[in-house]
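> Turn this into a model:
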Amino acid sequence: MMSRRMACRVTAVLLAVAAAVPVGTATAAPGPPPPAGGRALTGPASPATAGRTTAGRTTVACAAGRGPYQRQVERWLRLAVDGRQSAADCEAVRAFQTRQGIKPANGYAGPVTWARMRLLSARTAPTDTGTEGASGDAAGPATGAVPASASGSAAGPASGAATGGASGPAAGVVASGGCPVRSYRVACVDLKRQLTWVQKGGKTLFGPVAMRSGGAGHRTRTGWFRIYWKHKNHWSSLYDAPMPYAQFFSGGQAFHAVQGSIHTTGGSMGCVNLRLADARKLWSVLKTRDHVYVWGRRPGS
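Okay, here's the model as predicted:
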């Protein structure tokens, strides 16, 4: 048997070991290192960008290179228009993106930023086509010239001569944005600016809101049309995809909501795509037999 002296020595050793390890501690596998600056960047990372930490907050560094809408964004912000991304350009664009809640706010003159600028300009004057010269966050430029419509006349086609086989109303007063002013509701689809709104006489009933029209090979047809069918929970058998709040105006082409961003370079398959909230509101504004006027051409299509 172990002597009393030996037992005391063993007990003393065990107590010393126990005292060296704090109560409640345990070893754990090392976790991944924290991101630079202590927090992750918001939104998708842009090529050749990095984060910098200021007063404990991480901001996204300027994107390298020019964006596809560099000149338009420079003109809108009244910067020197040279189509090249300078440090001053980046800071001005990034300030705009921050004010508008666009993420990442990295100064990149991309489709989301340019679409926001066009929308802000059109809110005060949807029929004004000179949005590329606007300054500030909402003010539009001076009224531009009246553009010709897709059928060659901004005044709209005579009855029975509409593009796309639809019977158009008689020619009348025309708003400067190319959408004819009538005494009844007209859904205006501006392909060039990628905007849509509804007007009646001189009053805007809906929008303008950003939209996405047909891309190359699937252009949205231009001319006069009418809403001929409304299907709230439509499902496309052709593309096996949902088309919420679908309002058809030309064959299989319709206003409808889509999931995800509408600001893509490829365009739709011909329909006028809208954000869900906008499509839901437009559904309540337009009725069957209401007129639709589509004109212009989507950039890149």
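> For the rest of this, base every contact and every neighbour count on C-alpha atoms.
OK.
> so where's the chain uncertain?
1-59, 124-177, 300-301 (pLDDT under 70).
> Just give me the longest strand of it.
Residue-count comparison of every strand in the chain, with assignments taken from DSSP state E, identifies strand 241-250 as the longest.
> Now do the helix or strand following that strand against strand 241-250, angle only.
The element immediately downstream of strand 241-250 (helix or strand, assigned by DSSP states H and E) is strand 253-257. Using axes from the mean of the first three to the mean of the last three C-alpha atoms, to 10 degrees, one finds that strand 253-257 and strand 241-250 are set 140 degrees apart in direction.
> who does strand 253-257 touch, helix- and strand-wise?
Using 3 or more C-alpha pairs under 8 Å, 6 or more residues apart in numbering; DSSP states H and E as the contact criterion, the secondary-structure elements in contact with strand 253-257 are strand 241-250, strand 272-274, helix 276-285.
> what pairs with the first one, and is each one parallel or antiparallel?
Counting by DSSP bridges, the strands paired with strand 241-250 are strand 229-236 (antiparallel), strand 253-257 (antiparallel).
> Please identify the deepest-packed of the helices and strands packed on strand 253-257.
Per residue and on average, the most neighbours among the helices and strands packed on strand 253-257 fall to strand 272-274, with a mean of 28 (mean count of other C-alpha atoms under 10 Å).
> Give me the helices and strands touching that strand, please.
Counting contacts by 3+ C-alpha pairs under 8 Å, 6+ apart, strand 272-274 is packed against strand 253-257.
> ok, 10 Å please
With contacts defined as 3 or more C-alpha pairs under 10 Å, 6 or more residues apart in numbering; DSSP states H and E, strand 272-274 has these neighbours: strand 195-200, strand 203-210, strand 241-250, strand 253-257, helix 276-285.
> circling back: tell me which of the helices and strands packed on strand 253-257 sits nearest to H291.
strand 241-250 (8.5 Å; C-alpha to C-alpha).
> what angle separates that closest one from helix 276-285?
40 degrees.
> rewinding a little: wait, which of the strands paired with strand 241-250 is closest to L120?
The minimum distance between L120 and those falls on strand 253-257, with 21.0 Å, by C-alpha to C-alpha.
> With just CA atoms, put the closest one into CSV.
Included here for strand 253-257 are C-alpha records, laid out as CSV according to Å, rounded to 0.1, in the frame of the first residue of the first chain:
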residue,chain,number,x,y,z
GLN,A,253,-44.8,40.1,-74.5
ALA,A,254,-46.1,41.5,-71.2
PHE,A,255,-45.3,43.7,-68.2
HIS,A,256,-44.4,41.4,-65.3
ALA,A,257,-42.3,41.0,-62.2
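> got the contact list for P208?
Applying C-alpha atoms under 10 Å, 6 or more residues apart in numbering, one finds that P208 lies in contact with 118-127, 188-190, 194-199, 278.
> Buried ones only from those, please, as a ChimeraX command.
The following ChimeraX selection, which keeps only the buried ones among these, applies the criterion 16 or more other C-alpha atoms under 10 Å:
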select :118,119,120,121,122,123,125,126,127,188,189,190,194,195,196,197,198,199,278
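> I'd assumed Y69 was in contact with D82.
No - D82 lies out of contact with Y69 (C-alpha atoms under 10 Å); the separation is 11.6 Å.
> Check the contact lists of those two and give me the overlap.
Once C-alpha under 10 Å, 6+ apart is applied, the residues that D82 and Y69 both contact turn out to be R75.
> quick one, which of the two is more surrounded?
Y69 (18 against 11; other C-alpha atoms under 10 Å).
> Please give me every residue in contact with that one.
With contacts taken as C-alpha under 10 Å, 6+ apart, Y69 has the following neighbours: 75, 83, 108-115.
> Can you select the buried ones among those residues for me in ChimeraX?
Of the contacts of Y69, the buried ones go into a single ChimeraX selection, burial set by 16+ other C-alpha under 10 Å:
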select :75,83,108,109,111,112,113,114,115
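> what's the closest of the contacts of Y69 to Q97?
T113 (7.0 Å).
> what's the angle from the helix or strand harbouring R123 to strand 195-200?
Here R123, judged by DSSP H and E, is contained in helix 111-124. An angle of 20 degrees separates the directions of helix 111-124 and strand 195-200 when computed by the same axes, to 10 degrees.
> Give the other helices and strands that helix 111-124 contacts.
The criterion is 3+ C-alpha pairs under 10 Å, 6+ apart, and the helices and strands that helix 111-124 contacts are helix 70-76, helix 87-100, strand 195-200, strand 203-210.
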